[in-house]
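> What follows is a predicted protein model with its sequence.
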Amino acid sequence: MSVNSKYICIWFLVLLFACNTYASMAQSKDKGLGLKTVVIDPGHGGKDPGAPGQTSATSEKHIVLAISKLFGEKIKEAHPDVNVIYTRSTDKFLGLHDRAMVARKNDADLFISIHCNSSTNKSAYGSSVHILGQRSDRKGNTTDYFERNMSVAQRENEVIVLEEGYETKYTHFDPDAPEAYIGYMLQWKAHYESSLLFAAEVVDHLMVKPLTKRKAVIDQDIFQVLVEANMPAVLLELAFISNNTEYRYLASKDGQEEIAERLLAAFTSYKTQYDSSFNVKSAENVTPVPETKPEPEPEPAPVQKAPVAAGQPEPVKVEPAKYYGIQIMSLGRLLQTDDPALKGLEVSAVKPEGGKLYKYVAGKYSSKSEAVSALSKVKALFPGAFVVKVEGDLVFIP
């Protein structure tokens, strides 16, 4: 391809993405604001078993289908307003193009492709989440991600050749040619922030014991299914099916139930942020109200869940402290105390130094048992809420 042709191609892509963005905005107006449709994509299926399990019934295609359906049912129960669509609900083969088209035809707000990882190194372990991207943003990492992730992306994309008529479907895309990946270098920008935000929620909620994080927790890759989805989208590698310990967890009913519950918590937190982003000003535009020193009380008592007092709205207080609480969501904006996204709860916003997200924590309790006792009431408002411990500006699961 000549230099002029390359520039023409790039400008064409820019124009195409601009048109797609405008079309998405118009569709959002038609169907109403907020997260209304999620497409869950169980990887592989049919003649494509994915990574092998220790039995034919526990190959990757069966495990991810079971977890995907559990996850979808939990979303339906917790969020009746959300339309849950599966790319496949049975053991059938579906091409990457067709999976993405399910999401695009249904005007989905979020696309989640669920997989298990595998390696010839039986000791390899850990969970990771992948978004469409060009290069890692991690400090000090100068890795060329087009080069580093080529083998990983090619492994997931090589399923293309199993599709009937793939020669005509993917005339623009050769899964073995490095140059085929460069043409998509601009698309990642269109939905990068939303994809990254959901990926961060998956890291926070899913990747806790017995699951562990891989060294590269959030990777940016050129997976064809993410390219064609053209919306906020992630590809999850839940754990290594080739690792005996992680395999037993993935194949067990209890493990699948727990994974689905954790994915629900990630989805709920993301949905809350997504929905509130349509009517919340950014933190930079909020004028903080100076805090007044409270009158000393004879005996300090835990602050229980309570409605926000009437009066002049002010930003949620950012209070470093040491206590137990109930995290309801995380958000890159500082909300006001009367914001409808908080549903009347009194919360504290906690953000580590240099961090990008505020963790919104309801209540302050001196013990974990007190927080657990209050959890059910908070979950009635935020189904994905969970107990956390706050120490200074850090929030973690106790």
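Done, it's in. No experiment lies behind these values; they were computed from the predicted model shown. Numbering: from 1, shown residues only.
> average pLDDT across the strand ranked longest in the chain?
What stands out as the longest strand in the chain, according to DSSP state E, is strand 321-331. Mean pLDDT, strand 321-331: 83.
> Which neighbouring elements make contact with it?
With contacts taken as 3 or more C-beta pairs under 8 Å, 6 or more residues apart in numbering; DSSP states H and E, strand 321-331 sits against helix 192-206, helix 253-276, strand 347-350, strand 358-365, helix 368-381, strand 386-392. Every C-beta, even on glycine, is put in place using the N, C-alpha and C of the backbone.
> what does stretch 228-236 contact?
20, 24, 96-97, 100-101, 103-104, 108-115, 127-132, 156, 187, 190-191, 194-195, 198-199, 202, 206, 221, 223, 225-226 (C-beta atoms under 8 Å, 6 or more residues apart in numbering).
> What pairs with the longest strand of the chain, parallel or antiparallel?
Applying DSSP bridges to the sheet, strand 321-331 is found paired with strand 358-365 (antiparallel), strand 386-392 (antiparallel).
> tell me the most buried of those strands?
Scoring the strands paired with strand 321-331 by mean neighbour count under mean count of other C-beta atoms under 10 Å gives strand 358-365 as the most buried, with a mean of 25.
> what inclination does that strand have with respect to helix 368-381?
In terms of direction (axes from the mean of the first three to the mean of the last three C-alpha atoms, to 10 degrees), strand 358-365 departs from helix 368-381 by 120 degrees.
> What mean pLDDT does strand 358-365 get?
88.
> Look up how far Lys209 lies from Asp48.
31 Å (C-beta to C-beta, to the nearest Å).
> So those two - more neighbours on which side?
Asp48 (18 against 6; other C-beta atoms under 10 Å).
> my guess is that one contacts Asp91, does it?
No - with contact defined as C-beta atoms under 8 Å, Asp48 does not reach Asp91; the gap is 10.3 Å.
> Just tell me which of the strands paired with strand 321-331 ends up closest to Gln256.
The closest of the strands paired with strand 321-331 to Gln256 is strand 386-392. By C-beta to C-beta, the value is 18.9 Å.
> Which SSE is immediately downstream of that closest one?
Going down the chain from strand 386-392, the next helix or strand is strand 394-396, by DSSP states H and E.
> all strands in this protein, in order from the N-terminus.
37-42, 83-86, 110-117, 127-132, 213-221, 233-240, 321-331, 347-350, 358-365, 386-392, 394-396.
> Can you redo the ones you listed as a markdown table, where the extra columns are distance to Ala66?
Shown next, in a markdown table, are those (distance: least, C-beta to C-beta, whole Å):
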| stretch | distance to Ala66 |
| --- | --- |
| strand 37-42 | 8 |
| strand 83-86 | 12 |
| strand 110-117 | 10 |
| strand 127-132 | 17 |
| strand 213-221 | 23 |
| strand 233-240 | 11 |
| strand 321-331 | 28 |
| strand 347-350 | 35 |
| strand 358-365 | 31 |
| strand 386-392 | 23 |
| strand 394-396 | 29 |
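> Right, I'll call it a day here.
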